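1. only geometry, no sequence info:
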């Protein structure tokens, strides 16, 4: 039931920050950064594995909506953002993450959370579209979930850090 949570949240007008006939965008209920939105298609696509070449226009529209959210955010000039997908999502239903790179959030609690956005486990939106255009589908590297177990490393200066609290303190140097 928990894995299906996005399907219920996307129907809730109080969660929505944007919607049209094709997609809905909402704030992540457990944001891993100051700004963290999800862009989901209304079409019931379970995951990246189900994406095919005929979804290219949808992927582009999802990306465009994500870019619009970034431009409308108050800190779009001060913060960097990334748009992408988890290689193996924890939630059912295709969703694009739009996330600021400050990672300033009480919901960022584990190495798995950090590594899901700061290793190759996070597939950039542009790369996903290119892969679909070239191959007609998404292929995920064998053993990619092992990246979630990697040591913590600052995404700005590549310094290895031992714990999430230490990492959060370290990030303040880059984003204060």
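-> Yes, it's here. None of these values were measured; they are calculated from a predicted model.
2. center of the protein - which residue?
-> residue 97 (2.5 Å; CA atoms, centre = their mean).
3. Output the contacting helices and strands for the helix or strand hosting it.
-> Here residue 97 sits within strand 96-100, counting by DSSP states H and E. Here strand 96-100 touches strand 36-41, helix 56-72, strand 81-86, going by 3 or more CB pairs under 8 Å, 6 or more residues apart in numbering; DSSP states H and E. Placement of C-beta: from N, CA and C, glycine included.
4. That strand relative to strand 36-41, how many degrees between them?
-> Here strand 96-100 points in a direction 160 degrees away from that of strand 36-41 (axes from the mean of the first three to the mean of the last three CA atoms, to 10 degrees).
5. On the C-terminal side of strand 96-100, identify the next helix or strand.
-> helix 111-118.
6. which secondary structure elements does that following helix contact?
-> strand 152-153, helix 164-175.
7. looking at the ones you listed, which is buried most?
-> strand 152-153 (a mean of 17; mean count of other CB atoms under 10 Å).
8. Provide the contact partners of that one at residue level.
-> 111, 114-115, 118, 159-164, 167 (CB atoms under 8 Å, 6 or more residues apart in numbering).
9. Out of those residues, who's the most crowded?
-> residue 114 (23 neighbours; other CB atoms under 10 Å).
10. Can you spell out which residues form a bridge with the residue lying closest to that one once chain neighbours are set aside?
-> Excluding the flanking residues, the one nearest residue 114 by CB to CB, 6 or more residues apart in numbering is residue 152, at 5.9 Å. Using DSSP bridges, the beta-bridge partners of residue 152 come out as residue 161.
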